[in-house]
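Engineer: Sharing a model that was predicted from the sequence below.
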Amino acid sequence: MRRVAVLYGGISAEREVSLASGRQVIAALGAAGFAVTPVEVGGDLGAVIAALTPAPDVVFNALHGRFGEDGAIQGVLEWLGIPYTHSGVLASALAMDKEAARRVFAAANLPIAAGRVVSRADLAAGDPLPAPYVVKPLAEGSSVGVTIITQGDNRRAEIAANWRFGPRALVEEFIPGREITVGVLGERALTVTEILPAAGFYDYQAKYAAGGSRHVLPAAIHPAAFEAALATALAAHRALGCRGASRADFRYDDTAGEPGRLVLLEVNTQPGLTATSLLPEQAACMGMDFPALCAWMVEQAACRV
């Protein structure tokens, strides 16, 4: 029986999401016949290494956010020589750094929004783009810290003064229309999901609260846009050098008619595995239940460097 250690929790802003993902993964891997060791991760890296001694056959990385999906824990596991799920050090670091990821996507001729990185002082001084625009942390996930600034909005200076995500921020044009996402497993793009938030935009609450959003899959969008989303998600996965599972998030602007404009927002190398998460839902739609999905991820585990 293969021994799998599941890392979950962590010390990022997404700790609660990771705890929820980890609990589901632990149960699913047990149901799939693996010998599972839960490892709840806190601030003591030495304790994590101790929990991985003797080494398991595989580490299932269910961490989200900083230190979990930015290449940090991946580097530790490479050092220890323990095969692990999801992407390696470089792909994880590139995808988590929105500025670096945008450069990779642009070099691969993938569709991205107009935008730039600004300092807190620049943001405080004036609108860096014509409104509406979006302000994002450079290295957070799950929509943590994301704000939409609309015409006449007077929150910009307050956002800059209270910014807690480093000295710089990413600002991008706001793309009207619809929120869609595509999961990728290996070399296969799964399907397209449209996300309909109960209120506002697809923020942290909409992602993880029960009833926060409704998912439509497969998405009822123009066939050309559907196929473009599948192809772009796979191309982004490859451009970053991702392995295992990823999920590409898009805005689809069909406000002036279809087929519309497709814009790649980001690639998540550690897609959520909670009760409301998108990748498990897509996998189930394609005939792969949650224990089978988790088992597939274990089978793909490797040291990546």
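Structural biologist: Right, received. Where do you want to start?
Engineer: how many neighbours does residue 265 have?
Structural biologist: 22 (other C-beta atoms under 10 Å). C-beta: built from backbone N, CA, C; applies to glycine.
Engineer: Contacts only, for it.
Structural biologist: Contact analysis of residue 265 by C-beta atoms under 8 Å, 6 or more residues apart in numbering lists 113, 249-251.
Engineer: can you give me the helices for the stretch 201-305 of the chain?
Structural biologist: Using DSSP state H, counting those that start in this stretch, the helices of the stretch 201-305 of the chain run over 204-208, 223-240, 278-285, 290-299.
Engineer: now for those helices, which one comes closest to residue 182?
Structural biologist: Ranking those by proximity to residue 182 (C-beta to C-beta) places helix 223-240 first, at 3.7 Å.
Engineer: Enumerate the positions of the closest one that are buried.
Structural biologist: In terms of neighbour count (16 or more other C-beta atoms under 10 Å), helix 223-240 has its buried residues at 225-226, 228-230, 232-237, 239-240.
Engineer: Quick one, which of the helices of the stretch 201-305 of the chain gets closest to residue 61.
Structural biologist: It is, among the helices of the stretch 201-305 of the chain and with distance given as C-beta to C-beta, helix 290-299, at 9.1 Å.
Engineer: got the angle between the closest one and helix 278-285?
Structural biologist: Put simply, helix 290-299 runs at 110 degrees to helix 278-285, going by axes from the mean of the first three to the mean of the last three C-alpha atoms, to 10 degrees.
Engineer: Going by neighbour count, which residues of helix 290-299 are buried?
Structural biologist: Judged by neighbour count using 16+ other C-beta under 10 Å, the buried positions of helix 290-299 are 290-291, 293-298.
Engineer: And those, which is closest to residue 186?
Structural biologist: If you rank the buried residues of helix 290-299 by distance to residue 186 using C-beta to C-beta, residue 296 comes first, at 8.5 Å.
Engineer: Contacts only, for the closest one.
Structural biologist: Counted by C-beta under 8 Å, 6+ apart, residue 296 has contacts 185, 288.
Engineer: where exactly do the helices run in the stretch 1-150 of the chain?
Structural biologist: Listed in chain order, the helices of the stretch 1-150 of the chain (DSSP H, counting those that start in this stretch) span 15-31, 45-51, 72-80, 89-96, 98-107, 120-125.
Engineer: Quick check: which of those helices is nearest to residue 216?
Structural biologist: Closest among those, using C-beta to C-beta: helix 15-31, at 22.3 Å.
Engineer: angle of the closest one against helix 290-299?
Structural biologist: Here helix 15-31 points in a direction 90 degrees away from that of helix 290-299 (the same axes, to 10 degrees).
Engineer: Off-centre distance for helix 15-31?
Structural biologist: Chain-centre distance of helix 15-31: 16 Å, with C-alpha atoms, centre = their mean, to the nearest Å.
Engineer: Output the contacting helices and strands for it.
Structural biologist: Judged by 3 or more C-beta pairs under 8 Å, 6 or more residues apart in numbering; DSSP states H and E, helix 15-31 is in contact with strand 3-9, strand 35-41, helix 204-208, helix 290-299.
Engineer: that older thread, residue 50: which of the buried residues of helix 290-299 is nearest?
Structural biologist: residue 298 (22.3 Å).
Engineer: Surely that closest one and residue 2 touch.
Structural biologist: Yes - the pair residue 298 / residue 2 is scored as a contact, 7.1 Å apart, by C-beta atoms under 8 Å.
Engineer: ranking the helices of the stretch 201-305 of the chain by mean pLDDT, which is last?
Structural biologist: The weakest mean pLDDT among the helices of the stretch 201-305 of the chain belongs to helix 204-208, with a mean of 51.
Engineer: roughly how far apart are the residue most central in space within the chain and residue 155?
Structural biologist: Geometric centre of the chain, nearest residue: residue 268, 2.6 Å, by C-alpha atoms, centre = their mean. Distance, residue 268 to residue 155, by C-beta to C-beta, to the nearest Å: 27 Å.
Engineer: now swap in residue 273 and tell me
Structural biologist: Distance from residue 273 to residue 155, by C-beta to C-beta: 33 Å.
Engineer: Between those two, which has more neighbouring residues?
Structural biologist: residue 273 (27 against 13).
Engineer: That one contacts residue 21, correct?
Structural biologist: Yes - counting by C-beta under 8 Å, residue 273 sits close enough to residue 21 to count as a contact (4.0 Å).
Engineer: Now the common contact residues for these two.
Structural biologist: Taking C-beta under 8 Å, 6+ apart as the contact rule, residue 273 and residue 21 both touch residue 62.
Engineer: As a check, name the ranges of all strands in the stretch 151-300 of the chain.
Structural biologist: With DSSP state E, counting those that start in this stretch, the ranges of strands along the stretch 151-300 of the chain come out as 168-173, 178-185, 188-197, 213-216, 245-253, 261-268.
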